[in-house]
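Colleague: Prediction below, plus the sequence it came from.
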Amino acid sequence: MLFYRAGSLAFRQAVRHTYKNCTFAPGFSGSFWTRLDPTANSYQSMKIVTILGARPQFIKASVVSYALSQHDGIQEVVVHTGQHFDRNMSQLFFEEMRIPEPAYQLGIHGLPHGALTGRMMERVEEILMHEQPDWVLVYGDTDSTLAGALAAKKLHLRVAHVEAGLRSYNEAMPEEINRILTDRISDLLFCPSEAAANQLRNEGRLADGARIVMSGDVMKDAAARFAPLMKAPAAALPDRYILCTFHRAENVDNPQTLKQLLYALELTCNTLPVVCPLHPHTRKSMEAIGYPIEKSPIRFIEPVGYLEMLYLLDHSALVMTDSGGLQKEAYYTRKYCVTMRNETEWTELAGCGYNHVVGTEPMNILQTVQNLIDVPPVFPIALYGDGHAAEIIAQTIAATIGPVA
């Protein structure tokens, strides 16, 4: 005879299996297994542990967590790994976007990729063993994403990956490795585009038993939801400016590449002022090469929250970035984007001419900026869903009782 601890995942799965074909009397509302589990909260039928750690994940979670909260039977437990820990890169997002307060704050940051991922896995595993969730929900492509997915899968827990199927085809990028491995072990794959869904089909994920869902992009949901709440940052802004961000390891950890980008931005300042919210890691790298931040013609400002970033985007003339998230945010605010990388995972934007991938050579960057700066914003092609991705994700997860169909 098998014995299960009341409230455990094994207990819930056993009860679901035993009673899956039963018909219950009228008035037996809610989840049947909570009626049999004396330790469960009333009518709480599903527990999700969400793993977050970085700015883009906070934005995505803001709309998905809200959508999940509209389902009475779902309890969400948020884990913050601490990968982004600066207040303007973390806590401000939770406050402004009303993301559920993390039940666990791990405070893990500032380590090489291997050490960072390993320590996160160790702590996340402890939490998952305690919480015993029905699903582990991860977002995007950070070390937090991979750590959460690996820890869950080694405990035989089901993994749902939001923003699945993206590929830049550059495995020198840590994010690309995180995407590929997370997609490979996830049970439920939420894709922002048909191209992403087709990528997973071509990789054989359907044959592996995974479920692929074309949900659309949750960042599109967030842009629409929070646009009415945008606010100006504290810093003084020019009447017309280019918005710029850069933080990718391949750009800021290589001193020669970093110097190239800074030179390109200085040249661009002769066309229009460049306003640049400065990522803490980028600042550290600039200080390491002795760059005069305070005397630069580039207008560096402190990192901003999402509502301020929406304002900066809305009032900018053009966007320059190496960020995957900002490439889409530029599109959602109808701004052309110059991407200072050699490839992009958001291939649809480049294919439509909304995003120009130019590398890091200063004259290529400058010429592209000058070509685009006065082009009227014409964005006739709608990409990445209809703005209801979070609802699709929540409904899909809520419908899964037992193994993924």
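Modeller: Okay, I see it.

Colleague: Got the confidence number for residue 249?
Modeller: On pLDDT, residue 249 comes in at 89.

Colleague: Oops, could you answer that again for residue 23 instead?
Modeller: Residue 23 is assigned 34 on the pLDDT scale.

Colleague: can you check residue 400 too?
Modeller: Listed pLDDT for residue 400 reads 86.

Colleague: biggest helix in the chain by residues?
Modeller: Counting residues, the longest helix found in the chain (DSSP state H) is helix 113-131.

Colleague: and for it, what are the contacting residues?
Modeller: With contact meaning CB atoms under 8 Å, 6 or more residues apart in numbering, helix 113-131 is reached by 47, 49, 51, 53, 77, 79, 81, 83, 104, 106, 108-109, 111, 136, 143-144, 146-148, 150-152, 154-155, 157, 174. From N, CA and C alone the C-beta is placed, and that goes for glycine too.

Colleague: Of those, which qualify as buried by neighbour count?
Modeller: Applying 16 or more other CB atoms under 10 Å to the contacts of helix 113-131, the neighbour count classes 47, 49, 51, 53, 77, 79, 81, 83, 104, 106, 108-109, 136, 143-144, 146-148, 150-152, 157, 174 as buried.

Colleague: Which members of those are positioned in strands?
Modeller: Within these, residues falling in strands by DSSP state E are 47, 49, 51, 77, 79, 104, 136.

Colleague: sec struct for residue 61, please.
Modeller: At residue 61 the chain is in helix, as set by DSSP: H, G, I helix; E, B strand; the rest coil.

Colleague: any idea of the pLDDT on it?
Modeller: Residue 61 carries a pLDDT score of 93 in this model.

Colleague: How many neighbouring residues does it have?
Modeller: 27 (other CB atoms under 10 Å).

Colleague: Isn't it up against residue 140?
Modeller: No. Counting by CB atoms under 8 Å, residue 140 is not a contact partner of residue 61; they are 10.1 Å apart.

Colleague: Relative to residue 103, how far out is residue 144?
Modeller: 15 Å (CB to CB, to the nearest Å).

Colleague: One more: residue 324?
Modeller: Using CB to CB, we find residue 324 at a distance of 28 Å from residue 103.

Colleague: When those two are compared, which one has more neighbours?
Modeller: Using other CB under 10 Å as the criterion, residue 324 and residue 103 rank with residue 324 on top: 22 against 14.

Colleague: That one reaches residue 347, doesn't it?
Modeller: No. The criterion here is CB under 8 Å, and residue 324 misses it with residue 347 at 11.4 Å.

Colleague: for the spatially most central residue of the chain, helix, strand, or coil?
Modeller: Geometric centre of the chain, nearest residue: residue 57, 3.4 Å, by CA atoms, centre = their mean. Under three-state DSSP, residue 57 falls in the helix class.

Colleague: Now do the contacts for it.
Modeller: Residue 57 makes contacts with 139-140, 142, 144-145, as judged by CB under 8 Å, 6+ apart.

Colleague: Poorly predicted segments of this protein, please.
Modeller: Applying pLDDT under 70 to the chain picks out residues 1-44, 84-90, 401-405.

Colleague: tell me the domain boundaries of it?
Modeller: Listed domain ranges for the chain are 43-217+387-398, 228-372 (source: automatic domain parsing).

Colleague: roughly how far is the first one from the heart of the chain?
Modeller: What it means is domain 43-217+387-398. 8 Å (CA atoms, centre = their mean, to the nearest Å).

Colleague: before we move on, what about the shortest one?
Modeller: With CA atoms, centre = their mean as the basis, the distance from the averaged C-alpha position of domain 228-372 to the chain average is 19 Å.

Colleague: For this protein, which segments count as strands?
Modeller: Taking DSSP E, the strands of the chain run over residues 46-52, 74-80, 104-105, 135-139, 158-162, 188-191, 211-214, 242-245, 274-277, 299-301, 318-321, 337-339, 355-357.

Colleague: Would you enumerate the residues in contact with residue 267?
Modeller: Neighbour list for residue 267: 362, 365-366 [criterion: CB under 8 Å, 6+ apart].

Colleague: now it: how far from residue 153?
Modeller: 47 Å.

Colleague: Kindly report the same for residue 191.
Modeller: Taking CB to CB as the measure, residue 191 falls 19 Å from residue 153.

Colleague: Who has more neighbours out of those two?
Modeller: Shown here are residue 191 and residue 153; by other CB under 10 Å, residue 191 has more neighbours (28 against 18).

Colleague: my guess is the more buried one meets residue 212, correct?
Modeller: Yes. Here residue 191 reaches residue 212: they are 6.4 Å apart, a contact under CB under 8 Å.

Colleague: Residue 169: how many residues sit nearby?
Modeller: 9.

Colleague: what distance separates the start and the end of stretch 353-362?
Modeller: Using CA to CA, to the nearest Å, the end-to-end distance of stretch 353-362 comes out at 20 Å.

Colleague: Could I get the buried residue list for that stretch?
Modeller: Applying a neighbour-count criterion of 16+ other CB under 10 Å, one finds 354-358, 360, 362 buried in stretch 353-362.

Colleague: Now do the helices for the stretch 251-400 of the chain: every range, in order, please.
Modeller: Under the criterion DSSP state H, counting those that start in this stretch, helices of the stretch 251-400 of the chain are mapped to 255-268, 280-288, 306-315, 324-332, 347-351, 362-372, 389-398.

Colleague: circling back to that earlier point, give me the angle between the longest helix of the chain and strand 46-52.
Modeller: Put simply, helix 113-131 runs at 160 degrees to strand 46-52, going by axes from the mean of the first three to the mean of the last three CA atoms, to 10 degrees.
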